[in-house]
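Q: any chance you can model this:
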Amino acid sequence: MDSIRDRRVQYETAGLDVADLRPDPISQWQHWYAQAEDAGCVEPNAMVISTNGLDGLPDSRYVLARGVSAAGITFYTNYESVKSAQFERDPGVSALFTWLQLHRQMKIRGTVARISADESDAYFATRPRASQVGAWASPQSQVLADRAELDARVADVEARFAGIEILPRPANWGGWLLTPIEAEVWQGRPSRLHDRVRYRRLGDGDGADGAWITERLAP
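A: Residues are numbered from 1 along each chain as shown. Below you'll find the predicted structure:
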């Protein structure tokens, strides 16, 4: 394990100037996402979303952002999954995007809420057919006896929808919208003296309620 202890990577980057940031976290995310795409980062829309578990312990997993607008970031999942149950109980979440090739990360804290059925229908229709079948077949987060049970469920769905190119969306599958309350951008710098800037909404008593301000944080 000494190789882990002694592993060192110097982050040789130009750094992050607060004056160069976009005025809000969503537009900054869009800017960095475009640069991550251009740089060939793997799965640049992947985010780790962390929830408060039903047992009181934190819980994290990767999901893929599938829509970004001024309102927030949209992703999709099974509404009967563990994470959806956690969302329903406590909508407060934290999401983390990491673009390792650029030595960057962005953390977003906020709340999630279901999007409309029409929005979920529209996105589901764009998915590859095999992914549509998978959404119908998988009882997400439930215990399976073995892989054969899942394969059998897939076969049943294929038989049920034989000859249908675009499957209807199952009622227990759809989108969630993450609305930011706070965000932090992080740019790696040499000697672990990284650049960190927090976006924070002004609240009552601060003036301009709801506006975003930026604050540089110590690394």
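
Q: SS state for the residue located most distally from the centre of the chain?
A: Residue farthest from the centre of the chain, counting by Cα atoms, centre = their mean, is residue 163 at 33.8 Å. Assigned with DSSP: H, G, I helix; E, B strand; the rest coil, residue 163 falls in the coil class.

Q: against residue 129, how distant is it?
A: Counting by Cβ to Cβ, to the nearest Å, the separation of residue 163 from residue 129 is 12 Å. Yep, even glycine has a C-beta here, placed from its N, CA and C like the rest.

Q: distance of the spatially most central residue of the chain from residue 153?
A: With distances taken as Cα atoms, centre = their mean, the residue of the chain nearest its centroid is residue 47 (3.6 Å). When distances are taken as Cβ to Cβ, residue 47 and residue 153 turn out to be 28 Å apart.

Q: and for residue 39?
A: Plainly put, residue 39 is 39 Å away from residue 153 if you go by Cβ to Cβ.

Q: okay, the two: which has more neighbours?
A: Neighbours were counted for residue 39 and for residue 153 using other Cβ atoms under 10 Å; residue 153 has more, 17 against 12.

Q: quick check: the more buried one is in a helix.
A: Yes. With three-state DSSP as the criterion, residue 153 is assigned to a helix.

Q: OK, contacts around it?
A: In this structure, residue 153 makes contact with 137-139, judged by Cβ atoms under 8 Å, 6 or more residues apart in numbering.

Q: recalculate using a threshold of 10 Å.
A: Residues in contact with residue 153, defined by Cβ atoms under 10 Å, 6 or more residues apart in numbering, are 133-134, 136-139, 144.

Q: and if you look at residue 215?
A: Residues in contact with residue 215 (Cβ under 10 Å, 6+ apart) are 18, 184, 196-200.

Q: so it: helix, strand or coil?
A: Residue 215 carries the three-state label strand when classified by three-state DSSP.

Q: okay, and the beta partners of it?
A: Going by DSSP bridges, residue 215 is paired in beta bridges with residue 198.

Q: just use 834 as the starting number from now, easier for me
A: New numbering, starting at 834: the last item is residue 1048.

Q: what about residue 977, neighbour count?
A: 11.

Q: which of the three states applies to the nearest residue to it once chain neighbours are set aside?
A: Nearest residue to residue 977, sequence neighbours excluded (Cβ to Cβ, 6 or more residues apart in numbering): residue 983, at 5.7 Å. For residue 983, the assignment made with three-state DSSP gives helix.

Q: report pLDDT for residue 983.
A: Here, the pLDDT recorded for residue 983 equals 97.

Q: with the one 5 residues further on instead?
A: Among the per-residue scores, residue 988 shows a pLDDT of 98.

Q: go ahead and confirm it touches residue 970.
A: Yes. The criterion here is Cβ atoms under 10 Å, and residue 988 meets it with residue 970 at 8.6 Å.

Q: more neighbours, those two?
A: Each of residue 988 and residue 970 had its neighbours counted (other Cβ under 10 Å), and the higher figure belongs to residue 970 (19 against 12).

Q: next up, the contacts around the closest residue to residue 870 other than its chain neighbours.
A: The spatial neighbour of residue 870 that comes closest, neighbours along the chain excluded (Cβ to Cβ, 6+ apart), is residue 877 at 5.5 Å. By Cβ under 10 Å, 6+ apart, the residues touching residue 877 are 865-871, 897-898, 930-932, 934-935.
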